[in-house]
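Participant: This is a predicted model, with the sequence first.
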Amino acid sequence: EQDPLLRRAILREACLNLPIVASIYELVKGTQGEGLEKSIALEQIVMMLPFEDPDVQFEALLKWCRHVNLMSYDAASSCLYAED
């Protein structure tokens, strides 16, 4: 499809179908806008992907979530926020 907004919406839905993204997104949404600490997200990654490097997986998750406007990250507070 040529429409970039439609492509982004399709990618967003695809990202939310990934268990690791969906679980961290639900944790972020559960903070009611206060943000999810990076350490908690890393713990979730370790539980779900025990044989992967959690820092590498966090960076990959963050890049995709930023690309589809799902979540953002504030380095100063080390927190993830929902973009909704």
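Facilitator: That came through, no problem. Quick caveat, the model's predicted, so the values are computed rather than measured.

Participant: At which residues are the strands of this structure located?
Facilitator: Ranges of strands within the chain are 36-37, 71-74, 79-82, based on DSSP state E.

Participant: From the contact counts, what lies against the last one?
Facilitator: Using 3 or more Cβ pairs under 8 Å, 6 or more residues apart in numbering; DSSP states H and E as the contact criterion, the neighbours of strand 79-82 among helices and strands are helix 19-29, strand 36-37, helix 38-48, strand 71-74. For every residue, glycine as well, the C-beta is placed using N, CA and C.

Participant: Buried ones in the first one, by neighbour count?
Facilitator: For helix 19-29, burial by neighbour count (16 or more other Cβ atoms under 10 Å) applies to 20-21, 24-25, 27-28.

Participant: between it and helix 38-48, how many degrees?
Facilitator: 150 degrees (axes from the mean of the first three to the mean of the last three Cα atoms, to 10 degrees).

Participant: What lies in contact with stretch 54-73?
Facilitator: Residues from elsewhere that reach stretch 54-73 (Cβ atoms under 8 Å, 6 or more residues apart in numbering): 8, 11-12, 15-16, 20-21, 24-25, 28, 38, 41-42, 45-46, 49, 79-83.
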